[in-house]
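Chemist: Give me a 3D structure for the following:
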Amino acid sequence: MKKMALKPQRVFLILVIGYILGLGGWYLLVYQPRVLEGREMDTAWEQIHQVLERVNLALHSLET
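Modeler: As a prediction, the model looks like this:
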């Protein structure tokens, strides 16, 4: 069984994704305690969508 070598680019990518997701989750949990009230839920899902878009952009910028 081959050992998977961790390339620096892969490590950086994992760190960037973790950082972005961590910030997004922290923002939703700490700054949006009203998320569970009806109207606020839409904005929370929009924020999650924006975070995922940022991750996607980061992935594409690292691939090129």
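Chemist: May I have stretch 6-17 as PDB, with CA atoms only?
Modeler: Output in PDB follows, covering the C-alpha atoms of stretch 6-17 (Å, rounded to 0.1, in the frame of the first residue of the first chain):
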ATOM      1  CA  LEU A   6       1.100  15.400   1.500                       C
ATOM      2  CA  LYS A   7       2.000  18.000  -1.100                       C
ATOM      3  CA  PRO A   8       2.400  21.600   0.300                       C
ATOM      4  CA  GLN A   9      -0.300  22.700  -2.100                       C
ATOM      5  CA  ARG A  10      -2.700  20.100  -0.700                       C
ATOM      6  CA  VAL A  11      -1.900  21.000   2.900                       C
ATOM      7  CA  PHE A  12      -2.400  24.700   2.100                       C
ATOM      8  CA  LEU A  13      -5.700  23.900   0.400                       C
ATOM      9  CA  ILE A  14      -7.000  21.900   3.400                       C
ATOM     10  CA  LEU A  15      -6.000  24.800   5.700                       C
ATOM     11  CA  VAL A  16      -7.700  27.400   3.600                       C
ATOM     12  CA  ILE A  17     -10.900  25.300   3.300                       C
END
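Chemist: what mean pLDDT does that stretch have?
Modeler: Averaged across stretch 6-17, pLDDT comes to 88.
Chemist: What are the buried residues along the worst-scoring helix or strand of the chain on mean pLDDT?
Modeler: Across the helices and strands of the chain, mean pLDDT, DSSP states H and E gives its lowest value to helix 38-63, namely a mean of 77. Across helix 38-63, burial judged by 16 or more other CB atoms under 10 Å covers 47, 51, 54. All C-beta atoms are positioned from the backbone trio N, CA, C, and that covers glycine.
Chemist: from the residues you listed, which is closest to residue 12?
Modeler: Nearest to residue 12, judged by CB to CB, of these is residue 54 at 15.7 Å.
Chemist: Can you tell me how far that closest one is from residue 9?
Modeler: For residue 54, the distance to residue 9 equals 19 Å [CB to CB, to the nearest Å].
Chemist: before we move on, what about residue 52?
Modeler: From residue 52 to residue 9 the distance is 21 Å (CB to CB).
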